[in-house]
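Trainee: prediction below, plus the sequence it came from.
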Number of protein chains: 2
Amino acid sequence: MTPFQFSSMVPPLSNLHHPFFNPIKPPLTDGGFSRDEVRLANRNPGTLLEALRYDLTPAGLHYLLIHFDVPFVASADDWTLSIGGLVNKPIKLSLADLKQRPQRSMPVTLECAGNGRAGVAPRYQSQPWHHEGVGTAEWTGTPLKSLLEEAGLADSAHDVVFYGTDRGFGGGQEHDYGRSLSPEQALDDDILVVWGMNGAPLLPQHGFPLRLVVPGWYGMASVKWLDRIEVIDRAFDGHQQAGTYVYRASADDPGTPVTTVRVKSLMVPPGIPDVYTRSRMVEAGPVNLFGRAWSGAGVGISKIEVAVDGEWQDAKLDLELGQYAWRGWTFNWQATPGDHELMCRATDANGDVQPIDPRFDIAGFGNNSVQRLTVTVR
Amino acid sequence: MTPFQFSSMVPPLSNLHHPFFNPIKPPLTDGGFSRDEVRLANRNPGTLLEALRYDLTPAGLHYLLIHFDVPFVASADDWTLSIGGLVNKPIKLSLADLKQRPQRSMPVTLECAGNGRAGVAPRYQSQPWHHEGVGTAEWTGTPLKSLLEEAGLADSAHDVVFYGTDRGFGGGQEHDYGRSLSPEQALDDDILVVWGMNGAPLLPQHGFPLRLVVPGWYGMASVKWLDRIEVIDRAFDGHQQAGTYVYRASADDPGTPVTTVRVKSLMVPPGIPDVYTRSRMVEAGPVNLFGRAWSGAGVGISKIEVAVDGEWQDAKLDLELGQYAWRGWTFNWQATPGDHELMCRATDANGDVQPIDPRFDIAGFGNNSVQRLTVTVR
């Protein structure tokens, strides 16, 4: 039934005592950051908070979360996307084939599921995001739905699995990066198989030449370097699906899968920074605060509030950029000399509102607590 | 004499006890990394080592060191470059004026002076680079020399100071980012005033719309968001010139200015990584190691060596890309099962060779010690 081999299915190795296969995950900590965490922070940049001003995040300022290495793809000419497994008609398409299909462009805000992890205590040692694991791009591609309909999912289909060509070890398992959706989720009208970003080909680090974009979901669902889709008759148990990206309150909690993005907002820090501490100095007088707010699954933002020294007031929402894109907001602050704490808080159309304090998750996923910023006004 | 005001010259503030003005710099440490260091690592990405494969680093994969905030420049139409101070004829040019002048494109490798800081013990708390603060781009602009000749340096000229519009606090001083060169250095034929990067306009984070590129020097000399040049009759004592970017062995060492890039090399880590530790697994058999080597001030690379488990052998140099660009190299390694340590070491045409161990510098500048990489071969 399967027309091609999935290279993620490798035989187990004999050396089961090797650290790759029996990883000792560092414990939760309240202490200083490890060298491994710093290395990850430097590999996986966040956006710059001052770049929230751009409706579409400029090239190179969109956050990255590269699990393994960026595959080196010298040319897209030979790239193919295969759809196989439990389908009526396995198909294999070149990039040129895909570009012949109906095309759609859509601004989508993507956020890392671990964004805010460094603010959760005790801290899980992984990519130590503060607030910056978010960005917005206009993605161009073709709807996944029509591809899946052309292949035809078998009645026994349980999961649709998306694989990239990026490969490595995680949780002791060697695997190509892989994530699944249920058939119902995968047949959503708005999921795109994407080759373009902000009017240009995908950059290498964003999945060149082909990726998935699952709007409204945290970024782990939007598989990069996508080259094959496999339909299976069971729940996908790959590491990136079952071993991580699960909300868990404790080590023995079976947990709940991480899916859509929780409501969140950020502001551009006003004033000018100190080079090391990033503390801010602001001139007294009128200050036009600007920020962004977003929520997952195509739910709009209904309210944005700003607190100066704990007193909440409504901010003004800008026009929507699109169903799945962040929304700008402004707030006129009359800044008076002294130190002040600024916060912003969004509410979405479902009535979900950002918590003031981080909720605990064992791996630091889904921390959508409010951004707090202390500034000095002179 | 000076035709315009330099906004970096602000009156001192009354509140001298504010931490912005009396910063307590954290001590050197051998311990875990601070939240401030992690925030900087995440703001200032390194290149990805696997991206060393590209002759020109793709957009978004070139390292960044943003001292303050990236200025938000909505349009370059009103941007001007002023040359004033001790010149015979102050001039002010728009970007359109500059693009009318003789144009030159040149591949240049830029490296942060603090690259390698996280490997120096005890560690200065600042941007905690491991190896990745380096990248290569083709820069397009007009020679600085002809601009300075048109303005005409006065006989009393001692320093030529370059200012960006990025502003903040460093070492307790508020300032626009500013760096100086001596007249002799500034009149070098190869320094460019740049508006293009890899055939496109500068990205915001690389200095849009205008920057300096000083080939062969560490990156701090290549002032971004350049809008004014001032010629002065004394040594420039701005923080970025006198307060930092100085090699110092101890706190009371007057030190030596950081200038040209020390000889260095890096390799693309072979095999596949673990997602958290970045440890590598390599298949036994022939492995084609690839890397880059570079040195400052236009001095070429004369030799590159690779050590497997401490035994040095010559690697093969690729063709030169340009006088100021890194040079590719390859080494065929016959990998045998087990753990192995890989190193690479470059020698430049001056006979300078990379040290095996980091030399100590109080701020972690100029660490060009060899990259060491332990991999597991199966």
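Mentor: Received, thanks. If you're wondering where the values come from, they're calculated on a predicted model, not measured in any experiment.
Trainee: can we go C-alpha only for contacts and neighbour counts from here?
Mentor: Will do.
Trainee: can you name the residues bridging to the residue in the stretch 101-250 of chain A positioned nearest to chain B?
Mentor: When scored by Cα to the nearest Cα, the stretch 101-250 of chain A has residue A:169 as its residue closest to chain B, at 4.4 Å. Beta-bridge pairing of residue A:169, defined through DSSP bridges, involves residue A:174, residue B:274.
Trainee: quick one: name the residues of the stretch 1-150 of chain A near chain B.
Mentor: Residues of the stretch 1-150 of chain A lying close to chain B (Cα under 8 Å from any Cα of the partner chain) are A:20, A:31-48, A:50-51, A:53, A:58-61, A:67-70, A:72, A:126, A:128-130.
Trainee: ok, now which ones touch the residue of the stretch 101-250 of chain A closest to chain B?
Mentor: Applying Cα atoms under 8 Å, 6 or more residues apart in numbering or on different chains, one finds that residue A:169 lies in contact with A:20, A:68, A:175, B:272, B:273, B:274, B:275.
Trainee: returning to that earlier point: among the residues of the stretch 1-150 of chain A next to chain B, which are in helices?
Mentor: A:35, A:36, A:37, A:38, A:39, A:40, A:41, A:42, A:43 (DSSP state H).
Trainee: nearest to chain B: which residue in the stretch 251-378 of chain A?
Mentor: In the stretch 251-378 of chain A, no residue comes nearer to chain B than residue A:274, which is 4.4 Å away by Cα to the nearest Cα.
Trainee: these two touch, right, that residue and residue B:68?
Mentor: Yes. In this structure, residue A:274 sits in contact with residue B:68. The criterion is Cα atoms under 8 Å, and the distance is 7.0 Å.
Trainee: overlap of the contact sets of those two?
Mentor: Common contacts of residue A:274 and residue B:68 (Cα under 8 Å, 6+ apart): B:168, B:169.
Trainee: so between those two, which is more surrounded?
Mentor: The neighbour comparison of residue A:274 against residue B:68 (other Cα atoms under 10 Å in any protein chain shown) goes to residue A:274, with 23 against 19.
Trainee: list the contacts of that one.
Mentor: Residue A:274 makes contacts with A:280, B:20, B:68, B:168, B:169, B:170, as judged by Cα under 8 Å, 6+ apart.
Trainee: now residue A:360
Mentor: The contact partners of residue A:360, taken as Cα under 8 Å, 6+ apart, are A:120, A:121, A:249.
Trainee: what ranges do the strands span in the stretch 251-378 of chain A?
Mentor: In chain order, the stretch 251-378 of chain A shows strands spanning A:256-257, A:264-267, A:272-273, A:280-282, A:285-294, A:301-308, A:311-314, A:316-317, A:327-335, A:338-348, A:371-377, with DSSP state E, counting those that start in this stretch as the criterion.
Trainee: any idea which of the ones you listed is most buried?
Mentor: Comparing the strands of the stretch 251-378 of chain A on average neighbours per residue, with mean count of other Cα atoms under 10 Å in any protein chain shown, the densest one is strand A:264-267 at a mean of 26.
Trainee: how far out from the middle of the chain is that strand?
Mentor: Strand A:264-267 has its C-alpha centroid displaced from the chain centroid by 15 Å (Cα atoms, centre = their mean, to the nearest Å).
Trainee: who does it pair up with?
Mentor: strand A:285-294 (antiparallel).
Trainee: so what touches the strand it pairs with?
Mentor: Residues lying outside strand A:285-294 but in contact with it, judged by Cα under 8 Å, 6+ apart, are A:52-53, A:109, A:263-270, A:300-301, A:304, A:324-336, A:346, A:348.
Trainee: also stretch A:362-369?
Mentor: Counting by Cα under 8 Å, 6+ apart, A:113-120, A:123-125, A:245-251, A:258, A:261-264, A:354-359 sit against stretch A:362-369.
Trainee: and those, which are buried?
Mentor: A:113-120, A:123-125, A:245-249, A:258, A:261-264, A:354, A:358-359 (16 or more other Cα atoms under 10 Å in any protein chain shown).
Trainee: and those residues, which of them are in helices?
Mentor: Among these, no member falls in helices (DSSP H).
Trainee: report the beta-bridge partners for residue A:333.
Mentor: Residue A:333 forms beta bridges with residue A:287, as assigned by DSSP bridges.
Trainee: that one: what's it in contact with?
Mentor: Going by Cα under 8 Å, 6+ apart, the list of residues near residue A:333 reads A:285, A:286, A:287, A:288, A:289.
Trainee: and residue A:378, by the same measure?
Mentor: With Cα under 8 Å, 6+ apart as the criterion, the residues that contact residue A:378 are A:281, A:282, A:283, A:284, A:336, A:337, A:338.
Trainee: pull the most distant pair out of those.
Mentor: Comparing every pair within these by Cα to Cα identifies A:281 and A:336 as the most remote, at 11.9 Å.
Trainee: what residues are shared contacts of those two?
Mentor: By Cα under 8 Å, 6+ apart, the residues touching both residue A:281 and residue A:336 are A:377, A:378.
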